[in-house]
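Enquirer: Only the shape, not the letters, is given here:
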């Protein structure tokens, strides 16, 4: 079983729709959680950290469920520029930043 | 705006040749990572360093791959001899280790093709 698993998609949704991704992780000792975004043929970039209480950044909302060991990302009012691959990332060692990446979920927003 | 710099951007080589990829982390960052990305496997951690010391290289094929940090401004990843299955995009990333687990900053990557 992979340490971090995501639905690879692809997700194709119309502009303005709400879309949600889930991600599960296997190591219950994982401490830090992130969503990264990767555009085609570009490097991954941090989208947002995921906090235990859940957090929001504009149209993006991230949630963490430690009991079930899953992380979610919700995108509201999706824009064409949201088209990208979204990577779920888990840190397995606090402080040492050993980040394990999921395979990514590919999202395409259609006009 | 500080960036992680990787060279070369693209590399095409024949099987059996040595390949060296270089990375200049962001000044002040004390953690450096090497990742490999393929369509099939996604992003795989090859090695990482903290304060120039190798912390984990368990993801790296030891017989042909080696990673070093000769100084705080340079990290290298070498493949000798290279094989077609090594074809991938190799990313270097740097960050600040510590309780806060600050985000990683990735370079543009080296796209390696081994024929």
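Expert: Noted; the coordinates are in hand. Predicted model, so just to flag it, every value in this text is computed and none were measured. Numbers count the residues shown, from 1 in each chain, chains lettered A, B, ... in the order given.

Enquirer: Tell me, how many residues neighbour residue B:4?
Expert: By other CB atoms under 10 Å in any protein chain shown, the residues close to residue B:4 number 24. All C-beta atoms are positioned from the backbone trio N, CA, C, and that covers glycine.

Enquirer: how much space between it and residue A:45?
Expert: Per CB to CB, to the nearest Å, residue B:4 is found 11 Å from residue A:45.

Enquirer: Check residue A:54 too.
Expert: Distance from residue A:54 to residue A:45, by CB to CB: 22 Å.

Enquirer: next one: residue A:67
Expert: According to CB to CB, residue A:67 and residue A:45 sit 30 Å apart.

Enquirer: More neighbours: these two, which one.
Expert: Each of residue A:67 and residue A:45 has its neighbours counted (other CB under 10 Å); residue A:45 has more, 15 against 6.

Enquirer: residue contacts, the more buried one?
Expert: Applying CB atoms under 8 Å, 6 or more residues apart in numbering or on different chains, one finds that residue A:45 lies in contact with A:36-38, B:106.

Enquirer: repeat for residue A:17
Expert: Contacts for residue A:17 (CB under 8 Å, 6+ apart) come out as A:78, A:109.

Enquirer: Sketch out the low-pLDDT regions of chain A for me.
Expert: A:93-97 (pLDDT under 70).

Enquirer: For it, which residues are neighbours of chain B?
Expert: Contacts of chain A with chain B, taken as CB under 8 Å from any CB of the partner chain, map to A:31-32, A:34, A:42-46, A:49, A:87, A:91, A:94-104.

Enquirer: Kindly supply the ChimeraX command isolating those of those residues that are buried.
Expert: Those of the residues of chain A next to chain B that count as buried under 16 or more other CB atoms under 10 Å in any protein chain shown are selected in ChimeraX with:
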select /A:32,34,43,44,46,49,87,91,96,97,98,99,100,101,102,103,104
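
Enquirer: Take the residues of chain A next to chain B and keep only those in strands.
Expert: In this view, these that belong to strands under DSSP state E are A:32, A:34, A:44-46, A:49, A:87, A:91, A:99-101.

Enquirer: how about those residues in a markdown table, adding distance to residue B:16?
Expert: Listed next are these as a markdown table, based on distance: CB to CB, whole Å:
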| residue | distance to residue B:16 |
| --- | --- |
| A:32 | 41 |
| A:34 | 39 |
| A:44 | 31 |
| A:45 | 35 |
| A:46 | 38 |
| A:49 | 43 |
| A:87 | 33 |
| A:91 | 37 |
| A:99 | 33 |
| A:100 | 32 |
| A:101 | 30 |
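
Enquirer: ok, so of those, who is nearest residue B:38?
Expert: If you rank those by distance to residue B:38 using CB to CB, residue A:101 comes first, at 12.4 Å.
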